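1. predicted model follows, preceded by the sequence.
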Amino acid sequence: MSTQSATAPATRLVVALTSLRGEKEFRKVRAHGQVVRGPLFTLRVTDYRPRYGEVWLPRAIIGIVVPKKTLKLAVKRNRVRRRIREALRTLPTLPACRATIYPTPAVLSVPFAELQSALGRALAGDFKARKKKPGVPRASS
């Protein structure tokens, strides 16, 4: 006999959200990630792979990059980071991935629900690591 009723909601995979840390991790995402561009942000994303010696624990590892060139005031840069972090945190599901988000100044003025839906759509794809293109063989002289 099953203890769950027929009307019980289906369990969904809940993936933890952590921050991307260290220059090396950012470089890996930049080198191997796929680019998703939108009016609110540019997203570079690759599939989840554990670090060497780390146990397999699928989670969303996301770094938010807001340069001074984009927004001059630190208050605005921090507000953008907080809005994006909260939008990611409140998404119903997150894929297991490594990603960097480069927001535009429009993130400050857009309604929160719209920001959240744009992030959800961008992260909904199937992301695999990019393979490096084979080098062109040099002609021997």
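-> Sure thing, it's come through.
2. next helix or strand past the worst-scoring helix or strand of the chain on mean pLDDT?
-> Taking all helices and strands of the chain together, the one with the lowest average confidence (mean pLDDT, DSSP states H and E) is strand 16-19, at a mean of 85. With elements assigned by DSSP states H and E, the helix or strand that comes after strand 16-19 is helix 23-32.
3. what does that following helix rub up against?
-> 20, 44, 45, 46, 61, 63, 65, 98, 99, 100, 129, 130 (CB atoms under 8 Å, 6 or more residues apart in numbering). C-beta coordinates here come from the backbone N, C-alpha and C atoms, glycine included.
4. pretty sure the first one is touching residue 65, no?
-> By that I understand residue 20. No - between residue 20 and residue 65 there is no contact under CB atoms under 8 Å: 9.2 Å.
5. returning to that earlier point: Throw the contacts of helix 23-32 into CSV and include neighbour count, secondary structure and pLDDT, thanks.
-> What follows is the contacts of helix 23-32, written out as CSV (neighbours: other CB atoms under 10 Å; DSSP: H, G, I helix; E, B strand; the rest coil; pLDDT from 0 to 100):
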residue, neighbour count, secondary structure, pLDDT
20, 18, coil, 87
44, 22, strand, 94
45, 22, strand, 92
46, 21, strand, 90
61, 23, strand, 91
63, 18, strand, 94
65, 16, coil, 95
98, 25, strand, 91
99, 25, strand, 93
100, 21, strand, 95
129, 15, coil, 56
130, 12, coil, 57
